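S.K.: need a structure here:
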Amino acid sequence: MGVDFHWIGTTISSGSSHNGFGKIVSFPSVVVSYPAAGTFNSWLYDVAYPIAEGGASVSPNGTTYYPSQFCDVQVKNNGSGGTYTDWATATDVQYYAWGVEIYSETFNAYISITTGCNGTQNIVGGTSTTVFNHDGTGGYAMTGGNNWYSNGTFLYNETCTYDDGTGSTSEYTTNYAADGSGGYYFY
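M.R.: The predicted structure follows:
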């Protein structure tokens, strides 16, 4: 079995084909156009007003600064298909309301236990949380408190030696437990 190949002319000239399939169609090149740079695109509402863009700040710890205002602001076209936030258009600038959280910190809360033979022991008895909130005027207010271990939670144990003064000694063990409200009891 053999295969014969025959050349079919398909050269193109003068806008029509030589093989009888009609006119050649050409497509114009596509020109992409974007809205002009600086033209309005949309609004952002109630967004944090960045300190770097002129918004006020608050710093409860004196080292880290947080925005204390929010605003409405325009988004504009950049001329190449993207957008940017034009902070020069910020309007309806307001301070965050009282109670809006800035951040919080949680640390160990300690219970001071006066023991029978090992002196005073400071034992972790829960957690202490401080919440820093906006105060509605550009400052801050603090809320929070302690979350103590529940009543009966074991805190500390000691074994003491008791000398009765006659040369005889004995040992006794004391356990200390949380009372649920920041105090303790022993058993």
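S.K.: residues of the helix or strand where Thr130 lies that come out buried?
M.R.: Secondary structure assignment for Thr130, by DSSP states H and E: strand 120-134. Neighbour-count burial for strand 120-134, with 16 or more other CB atoms under 10 Å as criterion, is recorded at Ile123, Gly125, Gly126, Ser128, Val131, Phe132, Asn133, His134. All C-beta atoms are positioned from the backbone trio N, CA, C, and that covers glycine.
S.K.: Ok, stretch 154-169 next?
M.R.: When neighbours are counted by 16+ other CB under 10 Å, the buried residues of stretch 154-169 are found to be Leu155, Tyr156, Glu158.
S.K.: Please name the bridge partners of Asn122.
M.R.: Using DSSP bridges, the beta-bridge partners of Asn122 come out as Ser112.
S.K.: Run through who's touching whatever helix or strand Asp72 lives in.
M.R.: For Asp72, the host element (DSSP H and E) is strand 69-77. Strand 69-77 has contacts (CB atoms under 8 Å, 6 or more residues apart in numbering) with 34-49, 55-56, 83-87, 89-96, 138.
S.K.: now, which of these lie within strands?
M.R.: 40-48, 83-87, 89-95 (DSSP state E).
S.K.: ChimeraX command for the buried members of the contacts of strand 69-77?
M.R.: A single ChimeraX command suffices to select whichever of these are buried according to 16+ other CB under 10 Å:
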select :49,55,85,90,95,96
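S.K.: still on that earlier bit, now for the following helix or strand past the strand holding Thr130, which elements pack on it?
M.R.: Downstream of strand 120-134, the first helix or strand assigned by DSSP H and E is strand 140-148. Here strand 140-148 touches strand 101-114, strand 120-134, going by 3 or more CB pairs under 8 Å, 6 or more residues apart in numbering; DSSP states H and E.
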